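[1] Below is the sequence, then the predicted model.
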Amino acid sequence: MADMTTDPALVARIEASFAKQAMMSTLGARLVRVAPGEVEIAMPASPHLSQQHGFVHAGAVATIADSAAGYAGLTTMPAGNGILTAEFKINLLAPATGDELVAKGRVVKAGRTLTLAMAEVFAVTDGRPRLCAMLTATLMAIVAREGISD
């Protein structure tokens, strides 16, 4: 999952946090890649996640995009600190159909208090990815707050 240069402690921290996310479990999502400032999440394009036309619901697309951007941001935070999305905007570019969706999150600019991140979501069919959504997010650092850490 991790790049060869990624600190194993960082990967373990992101994996542990991801494992606590019931929503990711509900969607059948899994971590694919963790690197400093970058996280990739994949989920199956399951029929139980579809809207009335058979496409994966935009809410599910936004959820994995938000998580990919958020976890990318968390990779830039010191251990023990948390991060929360303050706002996001998503552009839905094409219907989310195929075998699976892959969200690739990356940090655009990390700050002490606010971090700007983005995610691209690809609908993958027969191994061929097609960009179906783009998300930008403002993330807020959570420092020394009981109950909120990595």
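    Nice, thanks for sending it over. Numbers count the residues shown, from 1 in each chain.
[2] what sits against the residue positioned nearest the centre of the chain?
    Taking C-alpha atoms, centre = their mean, the centroid of the chain lies closest to Ala68, which sits 1.3 Å from it. Listed by C-beta atoms under 8 Å, 6 or more residues apart in numbering, the contact set of Ala68 reads 39-41, 103-105, 119, 121. Bear in mind the C-beta positions are built from the backbone N, C-alpha and C, glycine included.
[3] try it again with 6 Å
    For Ala68, the set of contacting residues under the criterion of C-beta atoms under 6 Å, 6 or more residues apart in numbering consists of 39, 41, 103, 105, 119.
[4] between these, which is nearest Ala60?
    Among the contacts of Ala68, Ala103 lies closest to Ala60 (C-beta to C-beta), at 10.5 Å.
[5] pretty sure the closest one contacts Ala65?
    Yes - using C-beta atoms under 6 Å, Ala103 and Ala65 qualify as a contacting pair, with a distance of 4.9 Å.
[6] Give me the common contacts of these two.
    119, 121.
[7] residue ranges of the strands in this structure, please?
    With DSSP state E, the ranges of strands along the chain come out as 30-35, 38-44, 82-92, 100-109, 114-125, 128-142.
[8] Out of those, which is closest to Phe18?
    Using C-beta to C-beta as the criterion, the shortest distance between Phe18 and these is 5.3 Å, found for strand 30-35.
[9] tell me the mean pLDDT for the closest one?
    For strand 30-35, the per-residue pLDDT values average out at 97.
[10] Summarise which helices and strands that strand is packed against.
    Under the contact definition 3 or more C-beta pairs under 6 Å, 6 or more residues apart in numbering; DSSP states H and E, strand 30-35 sits against helix 8-19, strand 38-44.
[11] if we can go back for a sec, I'd like to know which of the contacts of Ala68 is nearest to Asn91.
    Comparing those against Asn91 with C-beta to C-beta places Ala119 closest, at 11.0 Å.
[12] which regions of the chain sit below the pLDDT cut-off?
    Counting by pLDDT under 70, the chain shows low-confidence ranges at 1-5, 149-150.
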